[in-house]
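Novice: no sequence for this one, just the structure:
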């Protein structure tokens, strides 16, 4: 191991004990708040067409960049899995990359505007809340920086910034199109949904840690939100990327620049702010040299850490830290001028790779995170709705089917893709019906009843292999035997008739 790597590892290990000592949760964070959400608060569960529908080549549909990505060779997705069938939801409820280079080409903004207009025209009489892009940061970083997502390009330090620049322009085009042509008759709202974890400074008494945590949030949430709400990229992004670019011998910053006209056109193009959030990281300034080339991670000059005492939910990146949710919501509220906020993604994956329906960890995650959202409303945040992620277990991008976020377990090995409700289904229903958390006794009863119900469903799931075997016998073996019997009977009858003649 290289000396620099050894020093870095030792330095990070020394930081871990500081986490608990430097940051202890306040009594307010530790306490549970019983109360109701505002009247008219919206509740929902999220899903995704590509991740659930299957039917990848049906009804004249051309291949998307994800179809090409998953079919283009081994190693792109865990287990070399695809979403060709996924949950088969298509039967139960793009070329632009090749020709134009996808989001590396500014002309995509116009194509996206045309696509949005088609959607507004076709569905605008029923759809009143539109999301132009969901988690565009992941699209840009994983699609054009790391290559972990479609289209799988590794244009480090440049591709993601160019893609994000064009995505922001496309969002503005769609918003203006709706505002000019459709809003007066359809009376809907158009926004964007941005995913971001909370960044908490390791030591709140250390100005360097405070600056690093702020930088983390601006590179994450502010990257897209600041142009939309303030007309330009966060100053810290312009400063850091500009300085790094100069150090790398470049004459211009790798971060693209909006013209004055573009700034004016983009600013204010959101009727609400959609937020996705899953977990929290402790942030400290990186004080050792980073010798790799240009990259998003290098540009930020910070280190992300986790507290080993945080509940581990199974996925390597996902820990349950409810208090971070409240802090992110309040940050967004004050940072962007009190916008209406809709939480568009929040959820937990399965704890183990098993078909366990009694998902107590997801119930605890939901309880904690939704309660912190209620506290944020109490703080004054203008939160209008919450959408939990997700309805079904589904294709989780480069993770294939290994991570399960669904309220409903899907048996992907069964051709009928049966669904089974997990305990969290009943618990989330109770929160929605009560529009919050009425009192300790009732909330505890929800938990107990949810676990009672899931035990029955577990028995059904355990019996599924036998039922599938019986179904195979019924659908294949029995008809085959019957056909053979008829054939044998016919042969015997012919022999009998021939003997008589």
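Specialist: Perfect, thanks for sending it. Note that this is a predicted model, so its numbers are computed, not measured.
Novice: in the chain, what secondary structure element scores lowest on mean pLDDT?
Specialist: When each helix and strand of the chain is scored by mean pLDDT, DSSP states H and E, helix 3-22 comes last, with a mean of 53.
Novice: Residue 135 and residue 345 touch, don't they?
Specialist: Yes. Counting by C-beta atoms under 8 Å, residue 135 touches residue 345, with 7.3 Å between them. C-beta here means a position set from N, CA and C on the backbone, and glycine is covered the same way.
Novice: what sits in contact with each of the two?
Specialist: The contact sets of residue 135 and residue 345 overlap at 193, 195, 276 (C-beta atoms under 8 Å, 6 or more residues apart in numbering).
Novice: Out of those, flag the one nearest to residue 264.
Specialist: residue 193 (23.6 Å; C-beta to C-beta).
Novice: SS state for residue 199?
Specialist: The assignment at residue 199 comes out as strand when based on DSSP: H, G, I helix; E, B strand; the rest coil.
Novice: For residue 218, see how far away it is.
Specialist: As judged by C-beta to C-beta, to the nearest Å, residue 199 and residue 218 stand 10 Å apart.
Novice: Which of these two has more residues huddled nearby?
Specialist: A direct count of neighbours by other C-beta atoms under 10 Å for residue 199 and residue 218 places residue 199 higher, at 25 against 21.
Novice: for that one, what are its contacts?
Specialist: Taking C-beta under 8 Å, 6+ apart as the criterion, residue 199 is in contact with 212, 213, 214, 216, 217, 220, 280, 281, 282, 283, 304.
Novice: Residue 410 against residue 418, yeah?
Specialist: Yes. Using C-beta under 8 Å, residue 410 makes contact with residue 418 at a distance of 7.5 Å.
Novice: Looking at these two, which is more packed in?
Specialist: Using other C-beta under 10 Å as the criterion, residue 410 and residue 418 rank with residue 410 on top: 22 against 16.
Novice: how much space between the more buried one and residue 420?
Specialist: In terms of C-beta to C-beta, residue 410 sits 8 Å off from residue 420.
Novice: any common contacting residues for those two?
Specialist: Common neighbours of residue 410 and residue 420 (C-beta under 8 Å, 6+ apart) do not exist.
Novice: in the stretch 351-500 of the chain, which segments are predicted with low confidence?
Specialist: 351-355, 395-402, 456-478 (pLDDT under 70).
Novice: For it, which segments count as strands?
Specialist: Under the criterion DSSP state E, counting those that start in this stretch, the stretch 351-500 of the chain contains strands at 383-389, 408-410, 419-421, 436-437.
Novice: Can you list the strands that the shortest one pairs with?
Specialist: When sheet partners are counted by DSSP bridges, strand 436-437 sits next to strand 35-36 (antiparallel).
Novice: Need the contact partners of the strand it pairs with.
Specialist: Identification of contacts with strand 35-36 by C-beta under 8 Å, 6+ apart yields 374, 378, 434, 435, 436, 437, 438.
Novice: Give me the spatial nearest neighbour of the second one, chain neighbours excluded.
Specialist: Going back to what we said before, that points to residue 378. residue 33 (6.9 Å; C-beta to C-beta, 6 or more residues apart in numbering).
Novice: Against residue 40, how distant is that neighbour?
Specialist: Residue 33 is 20 Å from residue 40, by C-beta to C-beta.
Novice: before we move on, what about residue 318?
Specialist: Taking C-beta to C-beta as the measure, residue 318 falls 31 Å from residue 40.
Novice: Name the nearest residue to the most centrally placed residue in the chain, ignoring sequence neighbours.
Specialist: Against the mean C-alpha coordinate of the chain, by C-alpha atoms, centre = their mean, the closest residue is residue 345 at 6.1 Å. Closest residue to residue 345 in three dimensions, ignoring its sequence neighbours and counting by C-beta to C-beta, 6+ apart: residue 276, at 3.3 Å.
Novice: In contact with the nearest residue to residue 311 once chain neighbours are set aside, which residues?
Specialist: Spatial nearest neighbour of residue 311, excluding adjacent residues (C-beta to C-beta, 6+ apart): residue 320 at 4.2 Å. Contacts for residue 320 were tallied using C-beta under 8 Å, 6+ apart; they are 279, 310, 311, 313, 348, 361, 364, 365, 368, 369.
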